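Asks: Sharing a sequence plus its predicted fold:
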Amino acid sequence: MVPRLGQVKVQTTVSIGEVARRTGLSIHAVRLYETRGMLISCPQRDPGGRRLYTEDDIAWLVNCCLFRSSGMPLADIARFADLVREGPGNEAERLRLLQEHQQRIAEQTAALKAANQLIEAKINTYSQHLAEGSAAALWTGSG
């Protein structure tokens, strides 16, 4: 439901344990992301002082997990979060940060493809030698 003018969007909140379950992060990692400034907003607290997270917080943490799995440094994730928190006016810097990371991913992908081609060639060589009964030659440096 989209809020109408004058209505406030109310989000349900969940515990840090539920956030951990839904993101695949440990509770410790969720806290680390918070203390390192990588969340867009500071979690609310219940009367007992326990952290409460919104669906938006969870969606952002899922993004952070994807950024990390792609090799983005924690400092870059924190910088990106800072820029988002600052609001409009810094979109060019956000874009630059993402483009730089995308370039690093492209370079890593090319390196992985080259390594995979080498491994594939070695697999073919070993398979052929094993099928022919000439695998002993592989251990002499000729394969």
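Replies: Noted; the coordinates are in hand.
Asks: mind checking the end-to-end distance for stretch 34-45?
Replies: 13 Å (CA to CA, to the nearest Å).
Asks: Okay, now the unreliable bits of this structure?
Replies: 1-10, 140-143 (pLDDT under 70).
Asks: how about the strands of it, start to end?
Replies: 13-15, 44-45, 51-54 (DSSP state E).
Asks: the helices in the protein, which residues?
Replies: Applying DSSP state H to the chain gives helices spanning 16-23, 27-35, 55-69, 74-86, 91-132.
Asks: Dump those to JSON lines, plus distance to P47 and mean neighbour count.
Replies: Any C-beta I mention is one placed from the backbone N, CA and C, and that applies to glycine too. Output for the helices of the chain, formatted as JSON lines (distance: least, CB to CB, whole Å; neighbours: other CB atoms under 10 Å):
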{"stretch": "helix 16-23", "distance to P47": "16", "mean neighbour count": "16"}
{"stretch": "helix 27-35", "distance to P47": "19", "mean neighbour count": "16"}
{"stretch": "helix 55-69", "distance to P47": "19", "mean neighbour count": "16"}
{"stretch": "helix 74-86", "distance to P47": "26", "mean neighbour count": "16"}
{"stretch": "helix 91-132", "distance to P47": "36", "mean neighbour count": "11"}
